[in-house]
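Novice: quick check, what structure comes out for this input:
(chains A, B, C and D)
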Protein chains: 2
Amino acid sequence: MNIEQRDQKIAQIFKALAEPNRLKIIRVLYQAQREMTCGEVGKELNISKSTVSYHFKALRLIGLTNTRKIAQEKYLSINVETFQTYLPGFLETL
Amino acid sequence: MNIEQRDQKIAQIFKALAEPNRLKIIRVLYQAQREMTCGEVGKELNISKSTVSYHFKALRLIGLTNTRKIAQEKYLSINVETFQTYLPGFLETL
DNA sequence: GCATTAGTTCGGTACGCAGCAAACTAAAAT
DNA sequence: ATTTTAGTTTGCTGCGTACCGAACTAATGC
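Specialist: Prediction:
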């Protein structure tokens, strides 16, 4: 991966975190200390389920969250290891 | 500052870093280990001076960089202290 | 005082994205 | 097999912003 591509990647990560509702999703999940469904999160933040799904996707793309499907519900959870491993690495890189 | 405002603030910081050219500016400055003018940076990144000025502003607003005016040139530099102090704080907050 | 040289601001364009409702998909339960 | 219930995808709208060149501002130096 060259520098150009790496900048793009890092920017993508920051971008994913540069949205108040996505930060709220992360905090809600972290504080709940359990998996939650899109619906639950949506009610908590007063936004539609489609928007929540949209944000979930962004967080999943950067590897910050996991999904686990049970019955027809997809439970979202924070991938703590990724969370703690990646970000300090970015700082170091910069 | 309530949670709502804090999320907004944190999002603003991430937003400022969520742009490849701004990351490049930071790296160029860091590697040069000296102050540089808008013009110099612009040539380095092949973007116009107005765009560089625009990005400088964004970085200054989150306190990541300093400007120091000498003659008619404004030299930009990384505020290293801020850089090392703020970001780990954000991670901790999350 | 005038020309030069830097940065900033302004008008405008193009693209991206957050948000919604509605349509669609997939699985479970009955 | 049909109904229900969750998530995803698909238009669509509105707003934000990266980018440029041109106009403007401010200070230097002759």
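Novice: pull the helix or strand with minimum mean pLDDT from chain A.
Specialist: Least confident helix or strand of chain A, by mean pLDDT, DSSP states H and E, is helix A:80-93 with a mean of 48.
Novice: near DNA strand D, anything from stretch A:14-30?
Specialist: No: Stretch A:14-30 does not reach DNA strand D (Cβ under 7 Å from any atom of the strand); its nearest approach is 8.8 Å. Every residue, glycine included, has its C-beta placed from N, CA and C.
Novice: hmm, I was thinking of stretch A:49-63
Specialist: Yes: counting by Cβ under 7 Å from any atom of the strand, contacts between stretch A:49-63 and DNA strand D involve A:49-50, A:53-54, A:56-57.
Novice: low pLDDT regions in chain A?
Specialist: Low-confidence segments of chain A (pLDDT under 70): A:65-94.
Novice: rerun at 80
Specialist: A:1-5, A:30, A:33-35, A:63-94 (pLDDT under 80).
Novice: can you give me the strands for it?
Specialist: For chain A, applying DSSP state E gives strands covering A:65-70, A:73-78.
Novice: what does stretch A:42-55 contact?
Specialist: In this structure, residues lying in contact with stretch A:42-55 by Cβ atoms under 8 Å, 6 or more residues apart in numbering or on different chains are A:19, A:21-22, A:24-25, A:28, A:38-39, A:41.
Novice: just the buried subset of the residues you listed, please.
Specialist: A:19, A:21-22, A:24-25, A:38, A:41 (16 or more other Cβ atoms under 10 Å in any protein chain shown).
Novice: wait, which of the residues you listed is closest to B:Arg6?
Specialist: Taking Cβ to Cβ as the measure, B:Arg6 lies nearest A:Lys24 of these, at 10.9 Å.
Novice: leaving out chain neighbours, which residue sits closest to that closest one?
Specialist: A:Leu45 (5.5 Å; Cβ to Cβ, 6 or more residues apart in numbering or on different chains).
Novice: picking up where we left off before, and the buried ones among the residues of stretch A:49-63 next to DNA strand D, selectable in ChimeraX?
Specialist: A single ChimeraX command selects the buried members of the residues of stretch A:49-63 next to DNA strand D (16+ other Cβ under 10 Å):
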select /A:56
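Novice: just flag the most distant two among the residues of stretch A:49-63 next to DNA strand D.
Specialist: The span of the residues of stretch A:49-63 next to DNA strand D, defined through Cβ to Cβ, is set by A:Lys49 and A:Lys57 at 12.8 Å.
Novice: near DNA strand C, which residues of chain A are found?
Specialist: Within chain A, the positions near DNA strand C by Cβ under 7 Å from any atom of the strand are A:15, A:19-21, A:46-48, A:50-51, A:54-55, A:58, A:71-72.
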